[in-house]
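1. Structure of the sequence below:
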Amino acid sequence: MEENKNKKNSRIKNISTLTFASITGSAISGIFWLYLADLLGAENYGEIGYLLAIAAISSTIAMWGSEKAIIVYTAKGIPIQSTIYFISIFTSITTAVILYLMFQSIGLSVYVLGYVIYNLAISELLGWKFYKTYSIFFILQKVLFVTFSVGLFFVIGLEGILVGIAISFIPFVYRVIVNFRNISLNFSLLKQKRNFITNNFLVDITKKLTGRIDILIIGPLYGFTLVGNYFLGFQILALLSIIPGIIFKYTLPEDSTNISTTKLKFFTVIVSVILVIITITTAPTLLPIIYPEYVESLELIPIMSLAVIPTTVSNMIISKLLGNEQSKYVLIGWIFSLSTLVLGILILGEIWGVVGLASAYVLANSFQAIYLVLINNHWNKKKSKFNFT
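-> This is a model prediction of the structure:
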């Protein structure tokens, strides 16, 4: 009885730590991006969103599926961190050089290298369940990101925003050094885990494409002004996703060690529904006052906000799947989502314009959630060892 009480208190403390860090850090960056939307105007805001989409996809390729692998294998006590770090740094340097040759942008290149180090470092902290340390680093990165990005923007323009973000990742190099000192390289261990890591790479790249390819398509077809409105919608979605994101960060290492998180996941879905209702009812009134230039966002944001619900449902199931190293089902779900999004943008965008683009985004996330729920029910009926609910 006392042991259960201690576990419950420990869980509450850990979630509270993650919640404080995520809300604080996400609020800092979220307010910054909303401030930039007003400062830059729709077209320039769309351009920086376009560049960030390229950087995000390139970073995911450079990480080759190692982010979730770090969390899962660290939680399981498998000493694979330094090996993954070594290969990831090599691939990120290669990717950075290629990007510079293609776009002549130092901002894109240093962003990729820094982003890879940052994501692997915080993934390791989550895997070890060092929630307090993770929280300190997370907030520190956001503060540095805003400070350097604002300062460099006024000195060198849009490029300065990317360089500022890259500089904010520098403190995480410390985690890389610690790993190389304490854990030996073990490529044979990496070979043993190659199937899971490969599936994770396919999952991550498909997920990232789903989250960014719309911007890459919309830019050439509809122009950066519409991308700016669309990117503003993403910032609103990011704020709505703070709580579901916190819970996912907590449940993945817990699920990796077979600790039940059922009630917590159900509560998270309920919270996401409430947040969507609030957004739909308030956005039409507030947006014209705060962002009068972003006319298309009035139609985009209320519709796009609906995607938070299926996304939350998907993440709750994905957490258990990845925790049990069943990433192939997650991959299939993201393929459904990506295919629906691309077709939706090309077809619905042509027919309904802005409303079609927002609808495509919601449909893509909904189809993914439906598939994962069906997989969940299938395993429950079969009384499999995977109990996703």
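2. where does the stretch 51-200 of the chain dip in pLDDT?
-> Applying pLDDT under 70 to the stretch 51-200 of the chain picks out residues 65.
3. need the longest helix for the chain.
-> helix 2-40 (DSSP state H).
4. And it, what's buried?
-> 14-15, 17-19, 21-23, 25-26, 29-30, 32-34, 36-37, 40 (16 or more other Cβ atoms under 10 Å). C-beta here means a position set from N, CA and C on the backbone, and glycine is covered the same way.
5. what does stretch 173-186 give?
-> Quick answer for stretch 173-186 (16+ other Cβ under 10 Å): 175, 176, 179.
6. Looking at these, spot the one nearest residue 113.
-> Proximity of the buried residues of stretch 173-186 to residue 113 (Cβ to Cβ) peaks at residue 176, which lies at 11.4 Å.
7. Just the ones of the buried residues of stretch 173-186 in helices?
-> Using DSSP H, the buried residues of stretch 173-186 in helices are 175, 176, 179.
8. any chance of those residues in TSV, plus distance to residue 130?
-> Shown next, in TSV, are these (distance: Cβ to Cβ, whole Å):
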residue	distance to residue 130
175	10
176	16
179	13
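9. low-scoring stretches of the stretch 251-389 of the chain, by residue?
-> Those would be 256, 325, 379-389, if you go by pLDDT under 70 across the stretch 251-389 of the chain.
10. now the helices for it?
-> Under the criterion DSSP state H, counting those that start in this stretch, helices of the stretch 251-389 of the chain are mapped to 262-290, 297-304, 308-323, 327-352, 354-381.
11. now the stretch 1-150 of the chain
-> Remark: helices assigned in the stretch 1-150 of the chain by DSSP H, counting those that start in this stretch are 2-40, 42-63, 66-75, 81-103, 106-127, 131-156.
12. how near is residue 177 to residue 85?
-> According to Cβ to Cβ, to the nearest Å, residue 177 and residue 85 sit 10 Å apart.
13. Oops, could you answer that again for residue 201 instead?
-> Residue 201 is 16 Å from residue 85, by Cβ to Cβ.
14. When these two are compared, which one has more neighbours?
-> Using other Cβ atoms under 10 Å as the criterion, residue 201 and residue 85 rank with residue 85 on top: 24 against 21.
15. Just the pLDDT for residue 34.
-> We note a pLDDT of 87 for residue 34 in this prediction.
16. Hmm, it is touching residue 234, no?
-> No: judged on Cβ atoms under 8 Å, residue 34 makes no contact with residue 234 at a distance of 11.2 Å.
17. picking that back up, let me have the helices of the stretch 251-389 of the chain in CSV, extended by mean neighbour count.
-> Shown next, in CSV, are the helices of the stretch 251-389 of the chain (neighbours: other Cβ atoms under 10 Å):
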stretch, mean neighbour count
helix 262-290, 14
helix 297-304, 22
helix 308-323, 24
helix 327-352, 19
helix 354-381, 20
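18. Can I get the ones you listed in CSV including distance to residue 211?
-> As requested, the helices of the stretch 251-389 of the chain are exported to CSV (distance: least, Cβ to Cβ, whole Å):
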stretch, distance to residue 211
helix 262-290, 17
helix 297-304, 12
helix 308-323, 10
helix 327-352, 9
helix 354-381, 10
